Structure formats: structure tokens, C-alpha cells
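**Student:** My questions are about this predicted structure, shown below with the sequence.
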Amino acid sequence: MGHTYALNYLHCIFSTKERRPLIADRRALYGYLDGIARGEGFKLMEAGGTADHVHVLVELPATYRLADAMKKLKGGSSKWIGEQFAWQQGYGAFSVAPSQLGVVREYIRNQEAHHRKRDFEAEFLALLRACGVDYDPQYVVG
């Protein structure tokens, strides 16, 4: 085959260090994350979250590694937010089928309402279980 064809949709989640509620202007943060993605050559399709964590739906080209995308998003936004701000190490990333993009986008948009019923830890553990990801509970949300 002479060409590479790929669609890589990923739902990624990352939280503030110690899950402290430090994200005051989320709309500005999401705009900044979008600018980072565009500048790096990948697409931020949706962003949402609460004061202590962010969900993003990204489309990565075949040549762009997930770890590099997360490094750029987290590193660039951390510097933009300010010296006293830090993201927690690590992230969650879950592949999304094209047929599920609408469902995931809606889920990301409605984080505020969602977290009135379920906290971040419960949400993240449920996603890991639903996706069949092996994990050690001691290290998941620490």
C-alpha cells in the first residue's frame, strides 16, 4: 500500500497535582489547549472538565505519538497557567470508535453535571474498568 490511512481518536483525562481545584478560567484553558494542538498538527475536538481535571477528545495523525501530544498539552498549559500550577503526573487515554464520537463529546461537555453524581476517582476507575485496563488502585489517582 502506497499511503498510510489512520484515524486515531482518543479521550484523554488529566488532573491537577493533588487534584486541587485550581482551574479557574476553564474556557480560556480549553482555548489555549486548542491552540497548542493546532500548532502541533493535531486536532482538539472537544474539551471539558471541572476545577481539578480536564477531559479532551483529540484526533492524532498517524505520525503523532500520544505521549508527545500529552506532553505538549500538559507542559504548555502548565506554563501558561502560571508558576505555582502543575498537572499530576500521568494521564488516562482511551481510544474512541468513530461511531462513538458524539457520545464522548457529549460526555466531555457535561462534566459539571456529571460530577454532581460521581467524583473524579470513581469516574476514572469506572473508565479503566469499562475499557479493560489493568491497574493497581494504589497508584491510579494518588
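**Tutor:** Received it, and whenever you're ready, just let me know what you need. Numbers count the residues shown, from 1 in each chain.
**Student:** low-confidence ranges in this structure?
**Tutor:** Along the chain, the model assigns pLDDT under 70 to residues 1, 141-142.
**Student:** can you give me the strands for it?
**Tutor:** Using DSSP state E, the strands found in the chain span residues 8-15, 43-49, 53-60, 92-95.
**Student:** Which among the ones you listed is found nearest to Arg26?
**Tutor:** Arg26 lies closest, by C-beta to C-beta, to one member of those: strand 43-49, at 6.4 Å. Bear in mind the C-beta positions are built from the backbone N, C-alpha and C, glycine included.
**Student:** The closest one vs strand 53-60, what angle?
**Tutor:** Going by axes from the mean of the first three to the mean of the last three C-alpha atoms, to 10 degrees, strand 43-49 is angled at 170 degrees with respect to strand 53-60.
**Student:** now the helices: where do they sit in this structure?
**Tutor:** In the chain, the helices defined using DSSP state H lie at 26-40, 66-81, 101-109, 111-114, 120-130, 137-140.
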